[in-house]
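S.K.: Structure for this input, please:
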Amino acid sequence: MLDSVKFHSITDRYLNDVYKATLSCCKNKADAEDAVQNAFLKLLKSDSEFKDDEHIKRWLILVAVNECKNNWKSFWYRNKVSFDDLDTDPSYRDEVHGELMTTLAKLPQKYQAVIHLYYYEKYNVKEIAEILSISESNVQTRLMRARNKMKKLLEEA
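M.R.: Below is the predicted model of the structure:
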């Protein structure tokens, strides 16, 4: 079990990264925050041995993404009708980045996740496959399809 100093250090270092990954999966701030909180609580209670800091980060993202998936499987979420709380229009530093993120938000969740992990978190295909519990070829296929969909959406705009 982690001591409080180490836990706070890990939290300070990885909170934003884990939050960004869950935001792309959950599609709204409240669910993303819940997933992040649950992931860090699981870390606090965990007796897992970690090789290094990158292993901790990967573990946190994996747990947080799984929390998002569990939320998507819940009865409440599957039967929810309104998308009014969807956070697809945040403000960004520049117009191009904002347009990319708005277009990314239009993609299905499975494509958003791989794009975010690959381009924003800088994970390679093998690491993304481990995080999402899918095959490497599936990651490559999703990346290709996501890029094609993004290109088509950007050309239409």
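S.K.: For the protein, give me the ranges with low pLDDT.
M.R.: Filtered on pLDDT under 70, the chain yields the residue ranges 1, 72, 74-98.
S.K.: Just want the most central residue of it.
M.R.: Nearest residue to the geometric centre of the chain (Cα atoms, centre = their mean): Ala21, 2.3 Å.
S.K.: quick one, helices of this protein?
M.R.: Under the criterion DSSP state H, helices of the chain are mapped to 4-26, 29-45, 53-73, 75-78, 95-105, 109-115, 125-132, 136-156.
S.K.: picking up where we left off before, got a list of what the residue nearest to the centre of the chain touches?
M.R.: Going by Cβ atoms under 8 Å, 6 or more residues apart in numbering, Ala21 touches Ile61, Ala64, Val65, Ala113, His116, Leu117, Glu121. Using the backbone N, CA and C atoms, a C-beta is placed for each residue, glycine as well.
S.K.: how does it look with 7 Å?
M.R.: Ile61, Ala64, Val65, His116, Leu117, Glu121 (Cβ atoms under 7 Å, 6 or more residues apart in numbering).
S.K.: and Val114, how many neighbours?
M.R.: Neighbour count for Val114, taken as other Cβ atoms under 10 Å: 28.
S.K.: which one is Asn138 nearest to, not counting chain neighbours?
M.R.: Nearest residue to Asn138, sequence neighbours excluded (Cβ to Cβ, 6 or more residues apart in numbering): Ala129, at 7.2 Å.
S.K.: what about that neighbour, neighbour count?
M.R.: The number of residues packed near Ala129 is 18, by other Cβ under 10 Å.
S.K.: go on, the one 3 residues further on?
M.R.: One way to gauge burial is a neighbour count; for Leu132, by other Cβ under 10 Å, it gives 22.
S.K.: What separation is there between it and Asp47?
M.R.: Computed as Cβ to Cβ, to the nearest Å, the Leu132 to Asp47 distance reads 24 Å.
S.K.: again, but for Met101
M.R.: 38 Å.
S.K.: quick one, which of the two is more surrounded?
M.R.: More crowded of Met101 and Asp47, by other Cβ under 10 Å: Met101, with 16 against 6.
S.K.: how close does that one get to Glu54?
M.R.: From Met101 to Glu54 the distance is 25 Å (Cβ to Cβ).
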